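Trainee: Take a look and give me a structure for this.
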Amino acid sequence: MNATPLVLAVLDELLASAAPDERGALWHLAEQGRELDANLVRLPPGAGVGEHQEDALDVLLVVLSGGGILRTQGTGTLDLSPTTVLWLPRTSRRALEAGEDGLAYLTVHRRRPGLMIKPSAPAAATAPRAVTPPAATAPPAVAVPPTAYEGGEAPCMLDLVCPECGRLSADRAPRFCSACGEPFPER
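Mentor: A predicted model of the protein is given here:
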């Protein structure tokens, strides 16, 4: 890993160069070997991120431009304006809503480990065991070196969150929420 500091982005330039109706992640931290994740996110006027809860990570949110509100269970409604810095503790429930000028913000948090397929737990000694004929056994799995996959989370999935109920869509380009039936905003 290169331990030399680097300029990765100039956020004002990224915001200025984005299309006026562009929403979601405009930039994300993607350097290999990093221990942080960061996203530059923009929401158009009136758009929002439905109520959700992050169970594993604290998130730092810095408002860069525009304004809006953050709704929480504990403190009610918090006003968002440029230079506001929020700490969103893990397990806190929250929802974001952009104001009349839209909302652009930076989120920073510890990097999530990549998803991994783990072997199932060994069967209990009393459980019956299936017998597999030798010819039907699968070939051994190929080991992947630990440095081959960097892991981490996707840059931003806000455009997959239903604005009405806050649930995440499994569809890459959802038109309607499978949970509540509400239409997703046009992209």
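
Trainee: on contacts alone, who are the packing partners of the lengthiest strand in the chain?
Mentor: Secondary structure of the chain per DSSP state E: the longest strand is strand 93-110. Secondary structure elements in contact with strand 93-110, counted by 3 or more Cβ pairs under 8 Å, 6 or more residues apart in numbering; DSSP states H and E, are strand 36-43, strand 48-53, strand 59-72, strand 76-80. For the C-beta atoms, the positions are set from N, CA and C on the backbone; glycine is no exception.

Trainee: Just list what the shortest one packs against, helices and strands only.
Mentor: By that I understand strand 76-80. strand 59-72, strand 93-110.

Trainee: what about those strands, which gets the closest to Ser17?
Mentor: When the helices and strands packed on strand 76-80 are compared by Cβ to Cβ, strand 93-110 sits nearest Ser17, at 12.6 Å.

Trainee: and the closest residue in space to Leu43 that isn't next to it in sequence, how far is that from Ala18?
Mentor: Leaving aside its chain neighbours, Leu43 sits nearest to Ala98 (4.0 Å; criterion: Cβ to Cβ, 6 or more residues apart in numbering). Using Cβ to Cβ, to the nearest Å, Ala98 is found at 14 Å from Ala18.

Trainee: And Cys180, by the same measure?
Mentor: According to Cβ to Cβ, Cys180 stands 29 Å off from Ala18.

Trainee: for Cys165, same thing?
Mentor: 27 Å.

Trainee: hmm, back to that, which residues does the residue nearest to Leu43 form beta bridges with?
Mentor: Beta bridges link Ala98 to Gly68, judged by DSSP bridges.

Trainee: mind listing what it touches?
Mentor: Counting by Cβ atoms under 8 Å, 6 or more residues apart in numbering, Ala98 touches 43-48, 66-68.

Trainee: Scan those residues and report the most crowded one.
Mentor: The member of these that has the most neighbours, counting by other Cβ atoms under 10 Å, is Gly68 with 25 neighbours.
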